[in-house]
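Participant: requesting a structural model of the entry that follows:
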Amino acid sequence: MTYCVAMRVDSGLVFLSDSRTNAGVDQVSTFRKMTVFENPGDRMMVLMTAGNLAISQSVRQIISERAGEDGRSIWTVQSMYEAAQIVGDAVRAVYERDAKALREFGIDFNVSIIFGGQIGGERCRLFQVYAAGNFIESHNENIYFQIGEAKYGKPIIDRVLTSATPLNEAAKCALVSMDSTLRSNISCGFPLDLLIYETDKLAVSRFVNIDEKNQYFQMIRNTWGQQLKRIFEGIADPVWNAAPDVEASAQAVSSGRAQPLRVAPPSGVAAPQAQPAPLQTLAQQHPDRQQH
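Facilitator: Residues are numbered from 1 along each chain as shown. Below is the predicted model of the structure:
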């Protein structure tokens, strides 16, 4: 499995992917999930994949090499929308070639893709491509996409990221999101690929390959955990069955009026007998014996 996240903010794009591929608990491999298609000064595009590795690699190879009958390719189209269409067409081509054979072996056709970048003077654009070859585009209502093990790293992005977030802060948010995923899911792992693209650069702005010894990522991991614990401990504990004078307090969880939904035991089920009183010690029964 894997985790990839891409963010589109006003100042550019952030892409982050892990590189672990699992074929079982005792067979862990490393394959990079991020591919860059770059012709500096003309276009910069990033492809990230999750799902069946053989399908993903086939799709990437077709995108890299194939041109349509009219000469259209990812290197010649004039918009990111057309480039996303080429990615979708490549997914369909692999499906037509391999899906039947995979199905005969009980294997689903499983691939998810994030594709984004900038061509010429067009704005930065970001797409998510599905296994059917269709895709959606990121707009202001949703400025990021995730594929793979997305659930662990989603909450921090939803709380922090906006279109006005600076690129460095967006990169930090992506790394915290990845750290949350690595902590909760063993199927994702190092090394990580982090790419930053500044609008109108038409070339990769910054790129780093992060392993488990990377000092900044270790700082993120330790600081984030410590700060979360400190904030958690600073939140007041709930007050149960609060008195009327504190019912309006943020700490009051229940005033005692609510009752849970209970199921009565069947008529044939006897109520437990009262617990017998604890046995007294010999000294308690016969205090006068303490004198002997």
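Participant: helices of the stretch 1-150 of the chain, residue ranges please.
Facilitator: In the stretch 1-150 of the chain, the segments counted as helices under DSSP state H, counting those that start in this stretch are 53-65, 80-104.
Participant: and the shortest one, what's buried?
Facilitator: The reference is to helix 53-65. Residues of helix 53-65 classed as buried: 53, 55, 56, 58, 59, 60, 62, 63 (neighbour count, 16 or more other C-beta atoms under 10 Å). Glycine gets a C-beta too; all of them are placed from N, C-alpha and C.
Participant: before we move on, back to that, let me have the helices of the stretch 1-150 of the chain in JSON lines, extended by mean pLDDT and distance to residue 33.
Facilitator: As requested, those are arranged in JSON lines below (pLDDT from 0 to 100; distance: least, C-beta to C-beta, whole Å):
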{"stretch": "helix 53-65", "mean pLDDT": "95", "distance to residue 33": "8"}
{"stretch": "helix 80-104", "mean pLDDT": "97", "distance to residue 33": "15"}
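Participant: residue 155 is nearest to which of the ones you listed?
Facilitator: If you check each of those against residue 155 by C-beta to C-beta, helix 53-65 wins as the nearest, at 27.0 Å.
Participant: start to end distance for stretch 110-125?
Facilitator: In terms of C-alpha to C-alpha, to the nearest Å, the two terminal residues of stretch 110-125 are separated by 24 Å.
Participant: what does stretch 142-152 give?
Facilitator: Looking at stretch 142-152, the gap from its leading to its trailing residue is 18 Å under the measure C-alpha to C-alpha.
Participant: what does stretch 229-239 give?
Facilitator: Taking C-alpha to C-alpha, the first and last residues of stretch 229-239 lie 21 Å apart.
Participant: do the same with stretch 114-129
Facilitator: Using C-alpha to C-alpha, the end-to-end distance of stretch 114-129 comes out at 6 Å.
Participant: residues near residue 131, how many?
Facilitator: 19 (other C-beta atoms under 10 Å).
Participant: can you map out the strands along the stretch 151-292 of the chain?
Facilitator: Read by DSSP state E, counting those that start in this stretch, the stretch 151-292 of the chain holds these strands, from start to end of the chain: 192-198, 206-210.
Participant: what's the most buried one of the ones you listed?
Facilitator: When you average the neighbours per residue for each of those (mean count of other C-beta atoms under 10 Å), strand 192-198 leads with a mean of 22.
Participant: quick one on the thing from earlier: could you dump the buried residues of helix 53-65 to TSV with distance to residue 86?
Facilitator: What follows is the buried residues of helix 53-65, written out as TSV (distance: C-beta to C-beta, whole Å):
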residue	distance to residue 86
53	21
55	17
56	16
58	14
59	11
60	12
62	9
63	6
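Participant: would you list the helices of the stretch 1-150 of the chain in CSV and tack on distance to residue 214?
Facilitator: Output for these, formatted as CSV (distance: least, C-beta to C-beta, whole Å):
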stretch, distance to residue 214
helix 53-65, 25
helix 80-104, 30
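Participant: can you dump the C-alpha coordinates of stretch 206-220 into PDB?
Facilitator: Coordinates of each C-alpha in stretch 206-220 appear next as PDB, following Å, rounded to 0.1, in the frame of the first residue of the first chain:
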ATOM      1  CA  ARG A 206      12.700  22.100  -4.600                       C
ATOM      2  CA  PHE A 207      12.900  18.300  -4.200                       C
ATOM      3  CA  VAL A 208      14.200  16.100  -1.300                       C
ATOM      4  CA  ASN A 209      14.200  12.400  -0.700                       C
ATOM      5  CA  ILE A 210      13.600  11.900   3.000                       C
ATOM      6  CA  ASP A 211      14.800   8.800   4.900                       C
ATOM      7  CA  GLU A 212      14.200   7.900   8.600                       C
ATOM      8  CA  LYS A 213      17.400   9.700   9.600                       C
ATOM      9  CA  ASN A 214      16.300  13.100   8.100                       C
ATOM     10  CA  GLN A 215      16.700  15.600  10.900                       C
ATOM     11  CA  TYR A 216      13.900  17.800   9.900                       C
ATOM     12  CA  PHE A 217      11.400  15.000   9.700                       C
ATOM     13  CA  GLN A 218      12.600  13.600  13.000                       C
ATOM     14  CA  MET A 219      12.000  17.100  14.500                       C
ATOM     15  CA  ILE A 220       8.500  17.100  13.000                       C
END
